[in-house]
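Q: Fold the following for me, if possible:
(2 chains)
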Number of protein chains: 2
Amino acid sequence: MSQTTTRASWRDGPARAAILDFVQRVSDEAGDGYVPPPERVAVFDNDGTLWCERPTYVQAFFLLERLREQAAADDELKARPVVRALLTGDLRAATAHGHEAVIDVLLHTHAGWTADEFAEAARAWLRDARHPGLGTPFRELVYAPMLELLEYLRAHGFRVFIVTGGGIEFLRAASYDIYGVPPDDVVGSAVQLAFERRDGKPVLVRQAAILGSPNEGPPKAVRIQEHIGQRPILAAGNSAGDAAMLEYAEAGPRGALCLVVNHDDGDREYAYAGFAVTDPDAEPIGDTAARRGWTVVSMRDDWARVFPHR
Amino acid sequence: MSQTTTRASWRDGPARAAILDFVQRVSDEAGDGYVPPPERVAVFDNDGTLWCERPTYVQAFFLLERLREQAAADDELKARPVVRALLTGDLRAATAHGHEAVIDVLLHTHAGWTADEFAEAARAWLRDARHPGLGTPFRELVYAPMLELLEYLRAHGFRVFIVTGGGIEFLRAASYDIYGVPPDDVVGSAVQLAFERRDGKPVLVRQAAILGSPNEGPPKAVRIQEHIGQRPILAAGNSAGDAAMLEYAEAGPRGALCLVVNHDDGDREYAYAGFAVTDPDAEPIGDTAARRGWTVVSMRDDWARVFPHR
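A: Numbering: from 1, shown residues only, chains lettered A, B, ... in the order given. All right, here's what the predicted structure looks like:
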């Protein structure tokens, strides 16, 4: 985002200009739009906003690997139609057996594991696992312009949070290494944890039950308040599941810069319209953005490059 | 905590020595006990650990002020025995009518308020309200040695979190001004929030229902994971409701410095043994500390002064 670096991965255009104008405005102590640093809170969706979510969510690959292990050791599990569909890797086909059935299977992949065991497994997996189509490690399929934006915001006194619909503990395992975002600044869907003692020591054990609701749609706004406790002045997303979060930020007393990543670059990434998993009939976010005047970021037009190492 | 400042409010003694040794050990890159800064997480209970909790919790004064307004406008409410007992200010007498009855009344003091309205009310109240016995503003009844400790930890790369049994939104309203702790670094008990639209704009509305369980005992450990996502290497408390949190920190791979504030100074503050509200029969934390070898901080012996302005 730097206006001086030669490595800038944003092209000149309305999106880049809107970001630079906004950051300059909130940083200008003499101006009307000044926001003191403690109130400079920025929130970013993760899948499809900060890193690639196609052909499916990174976390799904991780969960399916574990499900494959479980199915290999459990004939009853392997024979269940929803599991058979999941193991083909086709999430859409699997949901034909019911959204709840899919969730239930996935909630059981790591039930009974401690929080520490799960974190270690996720960390190890994210170190090595590669995207099946591109061959690149998943952890490198982050968007270079967004990394640059996070850095730019921090340099201007912002605190940057990730508000993901995905599992909070999965992303936390690598959020600091990948984005410079420490675990406490990740907000996401979560499973319930039980306090138990093993070998006389307290551990937190993952239950096969969601904590509250999945972090998508209006729950994203609720969880921002629960977890962050301040209304963001910048919010970025790419699907209908992010619209409530952006609208909530915008309705704050200081307003907000709302960014919508448009996946319109089938050559360098994927071309598709984002949708909300929990509410597939929700208004497409492109329409919401047009209606509300949000800033659309075109991958094709606004980004000089997409990935840092490709 | 500075070893050079003349304003140090810690006396030489085993508690101060334990803190200095610990911080030096985790900061020494060449030593066995080195902890990289991103993992230097410290958690502090609030009531009785960072500020005065006698004759009762600060938040209780705030809630009872609102209950008094409600009762003045509602004869049915005013006539309820639990409300009559609460309005005398005697929480102990009120709980004779049942813990649930007390909680229910208090949950209704701000039900239907938006998160923003509640924050503004709490902020305004904390600006002016004074301790009935001491005449000092509540916000100044923080412990000077603990403010110094928070500052000392931050100067050594720690991130400092408050993990309170009290209401998260109440404390957040002033946590940055009082402790330098931003709202996202406060963990506490919470009410459920509903996403609604008022005048066409999204708001979050407080419900008369607790989110999960009160943040005391084992739930403190669970919520540390949910909210912070890392095991603390320093944990401080003053009641049986903090014991699980300290034990959880201590059981981590790096161990932890566990501090227990002992209210043994009836002259400068209050002399009493801390207890757990939700489990009054739990082992007194002084006994737990002795059994586990935790570091006890004596207000009388270890603190050169107690409050910053008295």
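
Q: quick one, what contacts residue A:227?
A: Shown in contact with residue A:227 (C-beta atoms under 8 Å, 6 or more residues apart in numbering or on different chains): A:161, A:187, B:184, B:227. Any C-beta I mention is one placed from the backbone N, CA and C, and that applies to glycine too.

Q: Which parts of chain A are strands?
A: A:41-44, A:159-167, A:186-189, A:191-198, A:201-210, A:234-237, A:257-262, A:295-298 (DSSP state E).

Q: can you list the residues that contact the fourth one?
A: Going back to what we said before, that points to strand A:191-198. Here strand A:191-198 has contacts from A:107, A:111, A:114-115, A:167, A:169, A:202-211, B:218-219, B:221-222, B:225-226, B:244, B:248, using C-beta under 8 Å, 6+ apart.

Q: Now tell me which helix or strand of chain A has the poorest mean pLDDT.
A: helix A:91-95 (a mean of 83; mean pLDDT, DSSP states H and E).

Q: Which strands or helices does that helix pack on?
A: Packing partners of helix A:91-95 (3 or more C-beta pairs under 8 Å, 6 or more residues apart in numbering or on different chains; DSSP states H and E): helix A:81-87, helix A:99-107.

Q: ok, 10 Å please
A: helix A:58-72, helix A:81-87, helix A:99-107 (3 or more C-beta pairs under 10 Å, 6 or more residues apart in numbering or on different chains; DSSP states H and E).

Q: Output these as a markdown table; include the columns distance to chain B and mean pLDDT.
A: Below are the helices and strands packed on helix A:91-95 laid out as a markdown table (distance: least, C-beta to the nearest C-beta, whole Å; pLDDT from 0 to 100):
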| stretch | distance to chain B | mean pLDDT |
| --- | --- | --- |
| helix A:58-72 | 16 | 96 |
| helix A:81-87 | 27 | 94 |
| helix A:99-107 | 16 | 93 |
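
Q: Make TSV from these and add mean neighbour count to it.
A: Listed next are those as TSV, based on neighbours: other C-beta atoms under 10 Å in any protein chain shown:
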stretch	mean neighbour count
helix A:58-72	18
helix A:81-87	18
helix A:99-107	16
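
Q: Can you add distance to residue B:305 and give those helices back as CSV?
A: As requested, the helices and strands packed on helix A:91-95 are exported to CSV (distance: least, C-beta to C-beta, whole Å):
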stretch, distance to residue B:305
helix A:58-72, 51
helix A:81-87, 63
helix A:99-107, 52
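
Q: Quickly note the distance from the residue lying closest to residue A:52 once chain neighbours are set aside to chain B.
A: Of all residues not flanking residue A:52 in the chain, residue A:141 sits nearest, at 4.1 Å (C-beta to C-beta, 6 or more residues apart in numbering or on different chains). Distance, residue A:141 to chain B, using C-beta to the nearest C-beta, to the nearest Å: 23 Å.

Q: now residue A:228
A: In terms of C-beta to the nearest C-beta, residue A:228 sits 5 Å off from chain B.

Q: Give the full set of residues in contact with that residue.
A: Residue A:228 makes contact with A:41, A:43, A:159, A:161, A:163, A:185, A:187, B:172, B:182, B:183, B:184, B:185, according to C-beta atoms under 10 Å, 6 or more residues apart in numbering or on different chains.

Q: One more: residue A:59?
A: Contacts for residue A:59 (C-beta under 10 Å, 6+ apart) come out as A:46-47, A:53, A:106, A:122, A:125-126, A:138, A:164-167, A:170-171, A:188-189.

Q: Please apply the same query to residue A:305.
A: Counting by C-beta under 10 Å, 6+ apart, residue A:305 makes contact with A:7, A:8, A:9, A:10, A:11, A:143, A:144, A:145, A:268.
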